[in-house]
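Peer 1: Structure, please.
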Amino acid sequence: MARSNQPKSEIPPWYFWIWLVVLVPLMVAIGFVLIPLAVIVHLFMLPVSIVNRYRCRRHDLVIEQQLAQAGRVVTIEQILRHLERGEGTLIFEARSAEDFGRTWWTPDGILQESSISLSEESADDIAARAQFAELCYHKYLNENSGTAKLISQKCRINPKLYPRLCAVYLDHWSNDYFDIEVAG
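Peer 2: Numbering: from 1, shown residues only. As a prediction, the model looks like this:
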C-alpha cells in the first residue's frame, strides 16, 4: 500500500528522444545561419528602400511641375478661405498601402455627388464604392484629364483644423483596385 502513494515516474515517448537529439541541434544550427542572413538582407534592403523613396519623390516632383504648367497646382494659402468655409472637397490620394501620395482639392462636393453612403461600409456596396471611386479618380485626379487641383508637396494639411471641411480618402493601389471613404 505504501507504494501507491509514491509518484509514478513516466518515461517520455520514443519520439521525444529523436526530437531532443536530432531536431534541437538542427534548429540551433539553422538559427545561427538564418539570423545573420536576415541581418544581411535588412542591411541590403535599407539603401534600396531609400533609393526607391527618392525615385518616387522625384517622380512626384516631375508630375507636380507638369500639373503646375497646366494650372492645376495650388498652395494652402490659395484655398485657405475655401477650406475655412467648408467649400469643396479635399481628396487624400493613396497609391499604396504604406502612405498617402498626394492631396488634392476640388470645388465640387464629392459626397453630394455620391448615390451611396461612403461613411458606412457594408458588403453590399463594395462594388458600388469601387465604381464610384474609379469614376472620381478619372474625373478629378487623372493627371491628363482630371479637374482637381494638386496641393503643393511643400504644404501639409491637418483636416482637424477645418471642422466644416469635407474630405475623402481615395485609394487606387493598382489599375484594378479603387476605394473611397470619408476622412475622419
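Peer 1: what domains does the record give for this structure?
Peer 2: What automatic domain parsing lists as the domains of the chain is 10-69, 72-182.
Peer 1: Mean neighbour count added to the ones you listed, as JSON lines?
Peer 2: For glycine as for every other residue, the C-beta is placed from the backbone atoms N, C-alpha and C. Converted to JSON lines, these look like this (neighbours: other CB atoms under 10 Å):
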{"stretch": "domain 10-69", "mean neighbour count": "11"}
{"stretch": "domain 72-182", "mean neighbour count": "15"}
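Peer 1: Longest strand in this protein, please.
Peer 2: strand 166-174 (DSSP state E).
Peer 1: So for that strand, mean pLDDT?
Peer 2: Summarised as a single mean, pLDDT over strand 166-174 is 73.
Peer 1: By mean pLDDT, show me the worst of the domains of the chain.
Peer 2: Comparing mean pLDDT across the domains of the chain, the weakest is domain 72-182, with a mean of 77.
Peer 1: Let me see the ranges of the helices in the chain.
Peer 2: All helices of the chain, identified by DSSP state H, fall at 14-18, 24-69, 76-85, 110-113, 126-136.
Peer 1: want to throw the ones you listed into JSON lines with distance to Y177?
Peer 2: Shown next, in JSON lines, are the helices of the chain (distance: least, CB to CB, whole Å):
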{"stretch": "helix 14-18", "distance to Y177": "47"}
{"stretch": "helix 24-69", "distance to Y177": "18"}
{"stretch": "helix 76-85", "distance to Y177": "29"}
{"stretch": "helix 110-113", "distance to Y177": "19"}
{"stretch": "helix 126-136", "distance to Y177": "8"}
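Peer 1: by contact count, what packs against the longest strand of the chain?
Peer 2: For strand 166-174, the elements it packs on are strand 89-94, helix 110-113, helix 126-136, strand 177-182, judged by 3 or more CB pairs under 8 Å, 6 or more residues apart in numbering; DSSP states H and E.
Peer 1: Dump these to a markdown table, plus distance to N52.
Peer 2: As requested, the helices and strands packed on strand 166-174 are exported to a markdown table (distance: least, CB to CB, whole Å):
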| stretch | distance to N52 |
| --- | --- |
| strand 89-94 | 17 |
| helix 110-113 | 31 |
| helix 126-136 | 26 |
| strand 177-182 | 20 |
